[in-house]
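Visitor: Predicted model follows, preceded by the sequence.
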Amino acid sequence: MAPKSQKNLTFSVLLDYYGPVLTEKQRAILTEYYDQDLSLAEIAENYGITRQGVRDAIKHGEATLTEMEQNLGYAEKDAAQRADLARLEQLVMEIRCCNTGLFTPVPQITRDTDEILAILKRLNT
């Protein structure tokens with residue numbers, strides 16, 4: 001089982017992607033549990049329900065979020081895309097470094113890498 005901090009991050013991310021498919025109450029409970037780090041007792045008090053009721057809502061919400069990610073994979077695709085963009089930026093910087101190390105840097109490489117970096121910056125925002 002994943003450590004609690006990693007689990008919190010995972011479900012917090014899934015809440016960002018798929019939270020609207022949950023009921024308003026489930027979304028609020030999961031937000032309090034994962035994003036605000038409230039205890040079951042604190043959440044139960046906020047909603048006037050039992051701790052077991054809170055736990056059930058969390059489990060049902062987790063199952064829904066997990067199922068949505070398994071079916072659609074948006075969070076995983078986004079993470080992979082961000083990693084790819086970071087790698088592309090690293091490669092461009094290596095090309096620029098190699099080009100500037102030449103006795104006579106190639107101006108076209110400098111212009112092209114500048115453009116690529118500008119595109120990557122736009123994609124990352």
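Guide: Good, I have the coordinates. Numbering: from 1, shown residues only.

Visitor: make it CA atoms for all contacts and neighbour counts henceforth
Guide: Noted.

Visitor: Please tell me the pLDDT value assigned to S5.
Guide: Note for S5: predicted pLDDT of 53.

Visitor: show me what contacts the residue of the chain most remote from its centre?
Guide: Centroid-distance maximum for the chain: F103 at 43.0 Å, with C-alpha atoms, centre = their mean. Listed by C-alpha atoms under 8 Å, 6 or more residues apart in numbering, the contact set of F103 is empty.

Visitor: now it, what's its secondary structure?
Guide: coil (DSSP: H, G, I helix; E, B strand; the rest coil).

Visitor: Now the phi/psi pair for it, please.
Guide: phi -60, psi -40 (degrees, to the nearest 10).

Visitor: do the one 3 residues further on as well
Guide: The phi/psi pair for V106 (degrees, to the nearest 10) reads phi -80, psi 120.

Visitor: Could you check how far it is from I116?
Guide: The gap separating V106 from I116 is 16 Å, by C-alpha to C-alpha, to the nearest Å.

Visitor: List the buried residues of the longest helix along the chain.
Guide: Counting by DSSP state H, the longest helix found in the chain is helix 74-100. The neighbour-count check on helix 74-100 (16 or more other C-alpha atoms under 10 Å) flags A75, L85, E89, V92, R96, N99 as buried.

Visitor: Same check on stretch 33-49?
Guide: Buried residues in stretch 33-49 (16+ other C-alpha under 10 Å): Y33, Y34, D35, L40, I43, A44.
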